[in-house]
Structure formats: C-alpha cells, structure tokens
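Trainee: Give me the fold of what follows.
(2 chains)
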Amino acid sequence: MSVRFGIAVFPGTWSDRDCAHAVALTGAESVPLWHADRDLKGCEVVILPGGFAYGDYLRAGAIARFAPLMEAVREHALQGGLVLGICNGFQILCEAGMLPGALLRNSSLQFRCQPTWLRVESTSTPFLADCQRGQLLRVPVSHGEGRFFADPETVGRLNSEGRVALRYCDQAGEPSHLANPNGSLQNIAGILNQQGNVLGMMPHPERACEELLGSDDGLRLFNSAIQHLAALPG
Amino acid sequence: MRIAAPRSAPTPSELRELALTDSEYRAAIDQLGREPNRLELGMIGAMWSEHCSYKTSKALLRLLPSEGGRVVQGPGENAGVVDLGEDLLCCFKIESHNHPSAVEPVQGAATGVGGILRDIFAMGARPVALLDGIRFGDLADPRQRQRFARVVEGIGWYGNCIGVPTVGGETYFDEAYQHNCLVNAMCVGLVRRDRLVRARASGPGNPLLLVGADTGRDGIHGATFASVQLDQGAEERRPAVQVGNPFLEKCLLEACLELTGDPDLIGLQDCGAAGLTSSCAEMAHRGGVGLEIAVEKVSRRERSMTPYEVMLSESQERMVLVVRRGSEDRFRAAFQRWGLHSDVVGKVIEEPLFRITEDGVVVASLPLQVLIAGFPERHPAVRAPELSSVLSADPLARTPPWTPEDAWLRLLASPNCGESHWIWRQYDHQVGDDTVSGPGGDAAVLRLRGRPDALALTVDSAHRSATLAPRRATAIALAEAVRNLACVGAEPLAVTNCLNFGDPDRPEIMWQLEEAVGGLADAARTLGIPVVSGNVSLYNQFDGQGIPPTPTLGVVGLLPDLSRRLGAGFAAAGDLVALVGPAGAGPARVELGGSEYQRLAHRVMEGPAPELDLAQEARSAAAVRGAVQQGLLSSAHDCSLGGLAVTLAESALLGGLGARIRPPVDLPERLPPSWRFGLLFGETQGRYLVSLPPEQLASVGAFFGKHETPFIALGAVGGSVIAIEGVAEVSLEQAKIAWSDAIPGRLELRRSSGS
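Mentor: Model prediction:
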C-alpha cells in the first residue's frame, strides 16, 4: 500500500498545493487536512506547509497552534507519527512547543527568496535517513521570519543530541556567515524533536523536486520518509 | 417614488472634490431631468472619473486592435483572456496604483497588487504570476530611496503573503519621476474554459451578495483622487489610500475559486475603484439589468456611516456576486467555511436602474446608462510641443566627460542598467512550483503542467526617448517586449497596457497620449499582437510638471517547447558571439538621442529618437525564436538600454564568462572620440546579442539569411575581460562589482554612512 501524506490547510496556507505536487512526484498519495477538523484521515505523514496561517497575526504560527487540527497532529507525533513542518509549518511547530526555539525576523529585516545549500547534520530522522551526514542539498528559502533562535542551553542540547538536522552552508559545505540567509543561530536551518519523527525546517524541499525548477534534492526528504515507512513491519 | 432631494446646488469646490466640471454637472442634470442629490452626485463623480470612465482616452483607445485568433475576451471585462489551447485560458491585466503609492508607498503598492489579483480571480482564474513596472526619482535623494524601498516592500508583502509568485518586472529611475512614482502591477491567471466567469448580473430577483472585508471609510474618493494632480497637500489625502489585508484576500481567492464551478453563480466582480458603486453598476450594465442595494444591509467597520460613504468606500478585499435565487445560503456557508462574512445586500431588478435604499427609503436612483455611458467624452486640445531644435541637435557634439571604459562601468553601475537582484530577492518568485525562469532575465518562463509548452511573460515601458518621440517610443516598447519573448523562444499572444501620463488638459500632454496610443496601435497591428486589456493613469503631475509619457506594456507569450528555452547569459567559453539585426552606429547611424548614456553623461535629452523598422522587427523576432526553438543558439539577449556595451556585459555577467568582440561596423581609421560612445552605448533598435557553438555558424547564418534578418559574427565567449576591440574593454571583475552594487550600493551603504 502506498504511503499517505496529509497536508494541513490553514486559512493563509499557500504551499499546500506545491507539497501535494511534490508528494505526487514520489508516487505517494496526499490528502488535504482542514485546520478546523481533528481528523488526520489515516495519514502516516503530516506536512505543515508554508504560508501565513491565520495571517500570522501576533506572531507567525501563534494562532495556528490553537487550531483543532494541531491537537490531532500533536497526538500523531506523540505516537511516533511523522511530521514535517516547512517554513510557516516550522514556525507553527515551535509555537506549539513541539520543537524548541523560535523563528525571528530575518537579520536583514527583509523577506528573502533565494536558493541555499543545506548540509545534512543528522540522519537520525526518517526524513533524512536516506542521506549521508555532510551531504549537501540545494533547496530554496522564502521567508521574512526565519532566523532560528534559542537560548544557549537549548542550542547546546540540540547539538549534543544530534537534533540539528540541517545547516545553511556554502557550496563547499562550510556553514559560513555569507551562506546564512537570515541570521539563524549557528546557521541552523532545520531541527528535530527528541525522537526524530518531527522535523521543522525553513527551506522549501517541495520547491526542489524537479531539475527543471533548479534542483531535485528536496525529493530525498519525501522519498526517505516513504522508504522508512515501507520498511516498518506490519 | 420619492428621492431624497438635494439640499442645495453643489458649490464649485464640491464639484472639484468630485473631479466634475460645471459642464459635466449640467450634462448629468440634462440626462436625469432633475438635479442629482449628494449621494447621486458622488456616484456620478466616481463613475465619470477618468479612472472609471476613460472619458479622455476612450476615443483614442478605440484605435487599438483587440481582435485575434486566440482572443476570448478583449477590453471591457475585469481582464483580457486568450486561449492557450486544450481548453486552457490565460487571463491577464496590468493596472496602475501611482497616486496611492506616492502618498503611502507600502500600502499603495500592496493594494495595487491586491486589486489586480482580484481582477484575475474574479474571472475564475487562479493567479499564477505577478509582474510590475515601477519608476522613481533619483536614488541620490533620500526620500526617493525610502519611497523605492517601501514600494518594493509593499509589492513583496502582498504577493508573498498571498502566495502568488512575482516573476518579473521593470524598474527605472529618473529625476522626472521625483514627485510622481509609478507603480504598475500585472497579474496573470489560468482558468479552464468551462470555469471562466464573467462579471454580469442577470435574472431579476436574484440576490446580490457582498463578501469579504467589512466596509469602512477608507479610500473614499480614491477613483477621483487618482484623477487629479498630486499637489503639496497630497499627504493629507492619505485617508484616500486603502489598507491591504492579503490574508483576507487569500481566503477570498480560495473561496471564490471553489465556487466558480457552481452553476448557480451568475456573476462575480471585485470591488475596486469607486467600490460598490462601480462594481455593481458595471455588473448590472453588462447584464442589461438593474440592481437595488439596501445600504443598511452592508456590514460596516465604523459606526454612523452615511449611504454616501458606504457606496463610495474603497475598502479592500471585497467581492460582489449575483447568485440564483434560493442558493444564497449555500454560497454564504461556503464563504463562512473560509471565515468570510457575507451579506445579501440587494437584488437584481428589471429596470436598468441603480437604486439605493436606506431603511426602505430610496436615497438614490440613477439610470445605469447615465452612470456608465452618460459622461461627455472629453476631447481636450492637442498640440505638439516645439521639439525641432531639440530633435535636430547632434548628440555627438558634446564632449564625453569620461573615458569609454569609465563610461561603460558607470552605465553598469546605474540602477537602470545594474542588477535588480536587490529587488527581486525580496519577492517570492517560486511559489506555485511553476517558475522555470524567474526575474532577472529577458522574460519570465512558467511551465504549463502536463504540456510541452510554457508561458513567457514580460513587462516593458517606453524609454526616455518617449519625450522626444512618444509614438515611436511606444512602438519600441512593444517591439522590445517581443524581442524579450523571442530571446527565451516565445511567440507573443497578446498585450495589456497601462498608460501613465500627465495632465491631459495640457495640449502637449494630450499630444503625447495621442501619439503613444497611435504608436501602440501601429506596432500591435504590424507585429500581430491584440491589445486585450488596459488601464489609463492620467494626471501624473506635480505642481504643473508632468511625468514623461510612460506607456507600460505587459505581454504574454507562448513557448512551444519548454525544453528549448534559452537564457540571456553566455553559456560556454568558445561559443561565438553574434549580433542579430541592424549593426547600428555606422557613420549614418549613431543613436544616442534619449539614451541612458546621454542621461548619465550629459544630463540632457536631445537628438532624434532611435529609428524603428516594425516589419524588420517582426521578421527578426520570428527568426530569433525559430533559432531558439530549433536549438541553434546558446544564449540570446535583447540589446536595449545602454546599447551594445551594456548588453554584452550583461550576457557576460549573467553567464560568468568574459567575451571579446569586434565592432559591428567598420570604423574610420582615426576614430573621433565621440564615435566610440555612439558605438558602445547607442540604442539602435531591433538588435539581439546571441551566442552559438562555433560549429553551428554556417547553419545559423543561413537560417537568419532565410528569414531576411541581418546576422554578423563578432567574436567569442571566454576570458576574464569584456572587450570591444579597438574601442574599450573592462575586466569581468570590475564590471561585476559595478553591476551588482548598482542598487544596494545606493541604498544600504548610504543609509549606514548617514546614520
């Protein structure tokens, strides 16, 4: 049976269609998950896509965390289900306390839409299990509030527990200042929860699934999750 | 029937506030057979404003060809529509938001984007791309820097929030736009033929729904505001600028697109300029029926709003729709699902009237014929300005202030020729997963899912030479758009235009308008491109000084084979560089009149505008796109602003490869210094700079010969310099610094050094 992805739709979400397109390229199936429902429709992977959920009033993700759907997503994650938060989805996961830290306004104080290089820092998540540590992925960012921030203790823990999933780096793999598009602490682009089943990342893998659009490196995240699920017993 | 009577005749200043003249007021009385009351007068003033009625430009706009094999909808609806084949239609339109952006740059620009998006999804089309044409004064002025940065912020904010990619545009800076910035926004959408919606009311008794934002006092008289000059008191007009809410619009967009397949949806229209008055009047008039609105049913944002304020509010993010009687609750529930409030505010009536009631009392009743078509067309005096001494001046007579190398680098460092990355990295240009080539190239390319072909989009405005020769410069703008499309391999389908001009009551401005429209008509006919939608923005004037004539054109093209698309940057060292089109800068042809070089070096404008051969343009464009589509070339770039030197540098910089070419014409043995500048920076039209693998030279040459298009190989790609032998050369490195720093260097460095 093919893997089923659920793609959350909040009012203001806009990368739901792109995520559905990316999932379709893997051959898997996707269904939209409406913010006001609590039903995950039997999905094995939940994607919280990019956008401006509920207009991002107050703070990005601050209202979305209260959506009925998020109760079900939290429960799904607690059961070990896979959750991928992209851009606004990452912001929502942080606001919901499912991931530590916060995404602040870009240090440039401007929106940034540009390609970035990401270095895979951890493969202890189904989303990156198919990659090698140190491998580089070409994936674009597109956000105004993507500067990852957390207190030193939290960042220390993320590092020591192998929960920094992705770092912005240059083409040579160096996490340099110039390669950091938003001023994120230690060039952090994506992080994991303790179990590794929840990944939040600012870059948009769903925009990097076809050579035609500049890169197909993003497809690895979706395929890796599918392979992981296919390998599970029962 | 009793209609609330006027208290007294309006004073001249009240009429001025409505942008109505005495004779227009008298015409209204004649047509109504009575004096209109204040509400009616306000509605007439808004509908008869230039912005809504095109009363000054209408006669001219009739000259534009709007027919073509692919045209599904020409001017007269929310947007033009062309057929892409296989039941897929493309809707698109460009519109100005100049006045609001001058007063409140972020919100003015943002609501310009919001408004054009609504025009597209009102037709049932999903917006897939935004483009813009923006113009400001000199960035040396801190106020211009701020205005520019904030307009970019506003454009980005709205598009980024709503999730529609901004894929291209054009930016230009010149002192002449110091007081009147231009913000023209274009939106392109796609719709299946059976989901195309028209903005027409029908079926007496059918309910009228208003959905989206509550109605507030914002933007009252926005349409008339856009139809008068800006003055020193413009800041006080800030309440006439609306405030945008892209989140609400995103919900409206999704809800409307869910409903466009519903057989009970009869008409859908956005509330733009002149708010409920214009949207409802147009919808009823197109359907040959009338409408009645009960103003007390309109949900308000503020208390004690008068019917006048409700009917003329330009609160953003509102749509009106007519649905079949009995289905209104179903539609309201569908909107509610997206968190959108809607009200049944009126109904379709048989008589062709626009009737407004408040608590059962009729407060206005106007024949739609009067509102929509009653305005007296204006035919202001036309007089050509005295330009003969300017036109006959010899641009080569002035002593160049710089060496050719220095001038080359200064042009690349000018924000008009420099890299625009600083702008578009603030725009989400990828959302939707269809952007194959985004901003920064000749034309943006968007794939069409499941098809081999692709959309190509470009926005081009007339250059500075429009002041010298508005007719030719407007034709040049269309020719340039066609060249931009040809460079990626696309054929033009149709054009939308936004005509930005000064005060048409000045005879020389009216002459510019007449000439420009004539030039567009000529070019559109010769190049075979129908004009399917448009917008006119007049009164771009400050303290008696008008902007240069600035027609902005948005052209949609189709690329038959996406896999054969080309970029503007050189692709491989060793490729040959060639010029397609007239060599230019021969002894008989040094076209520096109105050029960017002339602006920078001499701060004047004189000499003849560049010549244009439209028939040759058509042949050359067909040849270039044919060559691109047959895979004969490695790169193709339109040769325009800054001439051959800037074009060569751009192809080199975009490809990260140097190039060495010889001059395209034989130069006199002892070259007078000024000639070099004509050769480097002359803006001779109709030219493309292409590159190709050397082994293709014979076949490419033969191909262009067959298409009766001049083609001349000039040199090769490679090395670390950009050189035109015997004339000038600069290092790739120097050029890159100048080019990439052109905009950020003027904004960010100065800002930090000033603080």
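Trainee: ok, which stretches of chain A are helices?
Mentor: A:16-26, A:68-78, A:88-95, A:152-160, A:219-231 (DSSP state H).
Trainee: Contacts (any at all) between chain A and stretch B:102-116?
Mentor: No. Applying CB under 8 Å from any CB of the partner chain, one finds stretch B:102-116 out of contact with chain A, separated by at least 12.8 Å. (Glycine included, C-beta is placed from N, CA and C.)
Trainee: possible to save the helices of chain A as JSON lines with distance to chain B and mean pLDDT?
Mentor: Converted to JSON lines, the helices of chain A look like this (distance: least, CB to the nearest CB, whole Å; pLDDT from 0 to 100):
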{"stretch": "helix A:16-26", "distance to chain B": "4", "mean pLDDT": "97"}
{"stretch": "helix A:68-78", "distance to chain B": "14", "mean pLDDT": "97"}
{"stretch": "helix A:88-95", "distance to chain B": "10", "mean pLDDT": "96"}
{"stretch": "helix A:152-160", "distance to chain B": "27", "mean pLDDT": "98"}
{"stretch": "helix A:219-231", "distance to chain B": "12", "mean pLDDT": "96"}
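Trainee: Mean neighbour count for those - can I get that in TSV?
Mentor: Shown next, in TSV, are those (neighbours: other CB atoms under 10 Å in any protein chain shown):
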stretch	mean neighbour count
helix A:16-26	22
helix A:68-78	18
helix A:88-95	29
helix A:152-160	14
helix A:219-231	19
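Trainee: Let me have those helices in TSV, extended by distance to residue B:643.
Mentor: Below are the helices of chain A laid out as TSV (distance: least, CB to CB, whole Å):
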stretch	distance to residue B:643
helix A:16-26	41
helix A:68-78	58
helix A:88-95	45
helix A:152-160	53
helix A:219-231	44
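Trainee: Would you check how far apart residue A:214 and chain B are?
Mentor: Distance, residue A:214 to chain B, using CB to the nearest CB, to the nearest Å: 8 Å.
Trainee: Can you report how many residues lie near the nearest residue to that residue once chain neighbours are set aside?
Mentor: Closest residue to residue A:214 apart from its sequence neighbours, by CB to CB, 6 or more residues apart in numbering or on different chains: residue A:115 at 6.4 Å. Counted with other CB atoms under 10 Å in any protein chain shown, residues neighbouring residue A:115 total 15.
Trainee: Also the one 5 residues further on?
Mentor: Using other CB under 10 Å, residue A:120 has 19 other residues around it.
Trainee: who's in contact with it?
Mentor: Applying CB atoms under 8 Å, 6 or more residues apart in numbering or on different chains, we find residue A:120 in contact with A:128, A:131, A:132, A:133, A:134, A:135, A:136, A:137, A:165, A:166.
Trainee: Which of these are buried? Put it as a ChimeraX command.
Mentor: Per 16 or more other CB atoms under 10 Å in any protein chain shown, the buried members of the contacts of residue A:120 correspond to this ChimeraX selection:
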select /A:128,131,135,136,137,165,166
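Trainee: Near chain B, which residues of chain A are found?
Mentor: A:11-12, A:14-15, A:17-18, A:21-22, A:50-52, A:54-57, A:110-114, A:140, A:142, A:144, A:204, A:206-207, A:209-210, A:212-213.
Trainee: From the residues you listed, keep the buried residues only.
Mentor: A:11-12, A:14-15, A:17-18, A:21-22, A:50-52, A:54-56, A:110-113, A:140, A:142, A:144, A:204, A:206-207, A:209-210, A:213.
Trainee: Please enumerate the strands of the stretch 251-400 of chain B.
Mentor: B:265-270, B:290-294, B:318-323, B:342-349, B:353-358, B:361-367 (DSSP state E, counting those that start in this stretch).
Trainee: What strand or helix carries residue B:497?
Mentor: Using DSSP states H and E, residue B:497 sits in strand B:491-500.
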